[in-house]
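[1] What shape does this take:
(one chain, ligands or ions: 2)
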Amino acid sequence: MAKIYYDADADLGILQGKTIAVMGWGSQGHAQSQNLKESGLDVIVGLRKDSSRWKEAEAAGLKVATVAEAAEKADIIQILLPDEFQSKVYNQEIKPFVKAGKVLVFSHGFNIHFGQIVPPKDVDVIMVAPKSPGHLVRRTYTEGAGVPGLIAVHQDATGNAKQIGLAYAKGIGCTRAGVLDTTFKEETETDLFGEQVVLCGGVTELVRAGFDTLVEAGYQPESAYFECLHELKLIVDLMYEGGISWMRYSISDTAQYGDMMIGRRIITEETRKEMKKVLTEIQDGTFANRWLLENQINRPVFNATARRDEEHQIEKVGEELRGMMKWLKKRK
Ligand SMILES: NC(=O)C1=CN([C@@H]2O[C@H](COP(=O)(O)OP(=O)(O)OC[C@H]3O[C@@H](n4cnc5c(N)ncnc54)[C@H](OP(=O)(O)O)[C@@H]3O)[C@@H](O)[C@H]2O)C=CC1
Ligand SMILES: CC(=O)[C@](C)(O)C(=O)O
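    Ligands and ions are numbered 1, 2, ... in the order given. Reported below is the predicted structural model:
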């Protein structure tokens, strides 16, 4: 079993007196910077001068500067910008201030693994990757908890990179849940695979296909929504709590029979072959190449496909039923 690091394995003290620049105030940036600050650390947020998030970050009590100003002041630089823009911003605004002994931190290995950012050899390069959307990184921290994370060391110039990474992980709350060793290669390839085949690509297409099948057969869209999206959350929650066997224990035998008999007709050997093909395209850089080029021509395919999906009927039905979904929230 791989070693899991918890609070006791990390010493926030080694970050005292250090300035941590968090570049970005997005899903991860807003969460990690506030968590670090509330962990007693000195944080400065780096943003574009015209960023619409500048005032929000200041209102949250964070010091804010331009990316270059923050990089110049920082001992530790966490780059939480969109993966597709990190290389450009790094080369133009951060690289001039990446001096010997400084630490570069990432929460996804994409730009290091695919050679889009090549740091100087005399700095530490680490990854602390929360395995969670940023808004839950923040919410769980404020509730006194945390989300699990991954840690990797790409360069250890100071000889202390791992401990700095563990202290950073503690600062954002991940050691409250547990932090696992990985590598930039493993995190990058498994994260991209998960996003494309299971978490987002697989599930969203499965939900829309199931919804469309029921609606096209004449069932009311609300029933299709309840069956294909609302209950999915509850089933996944049970799997998360106690594994697939616990979920199967909780659902009816009728449901389990259907699960076991039909599931493999939907996710077929062909599906598994396609999954392997997607993984190969991640490993050999084909996906990275497509994504980086897509961004160089202002995302024509991304924009058109996102617009089509936003117009799908399931979005409207979900909006109408959102009020009912609030039952999950604790009653005041
Ligand atoms: N989203 C998630 O839950 C997770 C993300 N990650 C990783 O975290 C990193 C950040 O992702 P995420 O938080 O989703 O990113 P977001 O898109 O949510 O936020 C990006 C931030 O970068 C700023 N930004 C964008 N372009 C520039 C620029 N050219 N110069 C300066 N600032 C810029 C944006 O502000 P503005 O546009 O106003 O300038 C925004 O504050 C990525 O490496 C991602 O892979 C890892 C785990 C989970
Ligand atoms: C939340 C997460 O880790 C994702 C889905 O991979 C991402 O948003 O990058």
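[2] a helix runs through E294, doesn't it?
    Yes - looking at E294 with DSSP: H, G, I helix; E, B strand; the rest coil, it is inside a helix.
[3] How much space separates it from ligand 2?
    Note on E294: its distance to ligand 2, by C-beta to the nearest ligand atom, to the nearest Å, is 16 Å. The C-beta positions use only the backbone N, C-alpha and C, and glycine is treated the same way.
[4] Same question for V118.
    As judged by C-beta to the nearest ligand atom, V118 and ligand 2 stand 22 Å apart.
[5] Equivalent analysis for D75, please.
    Separation of D75 from ligand 2 (C-beta to the nearest ligand atom): 26 Å.
[6] Contact partners for the residue nearest to that residue when sequence neighbours are not counted?
    With C-beta to C-beta, 6 or more residues apart in numbering as the criterion, D75 has its nearest non-adjacent residue at 4.3 Å, and that residue is K18. The neighbourhood of K18, defined by C-beta atoms under 8 Å, 6 or more residues apart in numbering, consists of L41, D42, D75, I76.
[7] Can you tell me which of those has the most neighbours?
    Sorting these by how many neighbours each has (other C-beta atoms under 10 Å) puts I76 first, at 24 neighbours.
[8] follow-up on the earlier one: okay, the residue nearest to D75: pLDDT?
    What the model reports as pLDDT for K18 is 98.
[9] ok, now the one 3 residues further on?
    At A21, the pLDDT value in this model is 98.
[10] end to end, how far does stretch 292-310 reach?
    23 Å (C-alpha to C-alpha, to the nearest Å).
[11] For that stretch, give me every contacting residue.
    By C-beta under 8 Å, 6+ apart, the residues outside stretch 292-310 that reach it are E84, F85, Q116, T204, R208, E315.
[12] The second one sits in which helix or strand?
    Using DSSP states H and E, F85 sits in helix 83-89.
[13] The residue lying farthest from the centre of the chain: what secondary structure?
    In the chain, the residue that sits farthest from the middle, by C-alpha atoms, centre = their mean, is G218; the gap is 37.4 Å. Assigned with three-state DSSP, G218 falls in the coil class.
[14] That one and L229, how far apart?
    Per C-beta to C-beta, to the nearest Å, G218 is found 19 Å from L229.
[15] Ok, E93 next?
    Distance, E93 to L229, using C-beta to C-beta: 41 Å.
[16] separation between Y225 and Q313?
    9 Å.
[17] which of the two has more neighbours?
    It is Y225, of Y225 and Q313, that has more neighbours when counted by other C-beta under 10 Å, with 24 against 14.
[18] how about the nearest residue to the more buried one, chain neighbours excluded?
    V317 (4.6 Å).
[19] Then I4?
    Among residues not flanking I4 along the chain, G178 sits closest, at 4.4 Å (C-beta to C-beta, 6+ apart).
[20] Quick check: phi and psi at that neighbour.
    Per-residue torsions, G178: phi 130, psi 140 (degrees, to the nearest 10).
[21] Kindly report the same for K3.
    Backbone dihedrals for K3, given as degrees, to the nearest 10, come out at phi -70, psi 140.
[22] quick one: contacts for it?
    Counted by C-beta under 8 Å, 6+ apart, K3 has contacts L180, D181.
[23] Against E187, how distant is it?
    K3 is 16 Å from E187, by C-beta to C-beta.
[24] got it, and R307?
    With distances taken as C-beta to C-beta, R307 is found 31 Å from E187.
[25] confidence score at the residue farthest from the centre of the chain?
    The model reports G218 with a pLDDT of 96.
[26] can you give me how far the longest helix out of those in the chain is from the chain middle?
    Criterion DSSP state H: the longest helix present in the chain is helix 231-250. Relative to the chain's own centre, helix 231-250 is displaced by 22 Å; criterion: C-alpha atoms, centre = their mean, to the nearest Å.
[27] tell me which residues in that helix are buried?
    The neighbour-count check on helix 231-250 (16 or more other C-beta atoms under 10 Å) flags I235, L238, M247, R248 as buried.
[28] before we move on, what about stretch 217-228?
    Within stretch 217-228, the residues that count as buried by 16+ other C-beta under 10 Å are P221, A224, Y225, C228.
[29] What about the closest residue to ligand 2 within the stretch 201-332 of the chain, how many residues nearby?
    Residue of the stretch 201-332 of the chain nearest ligand 2, by C-beta to the nearest ligand atom: G201 (10.5 Å). Other residues lying near G201 total 14 when counted by other C-beta under 10 Å.
[30] going forward, begin numbering at 7 instead of 1
    New numbering, starting at 7: the last item is G207.
[31] May I have the residues that are in contact with it?
    G207 sits next to E201 when contact means C-beta under 8 Å, 6+ apart.
[32] One more: the one 5 residues further on?
    If a contact means C-beta under 8 Å, 6+ apart, then L212 has I272 as its contacts.
[33] again, only using 6 Å
    By C-beta atoms under 6 Å, 6 or more residues apart in numbering, no residues touch L212.
[34] Make sure it is indeed in a helix.
    Yes - with three-state DSSP as the criterion, L212 is located in a helix.
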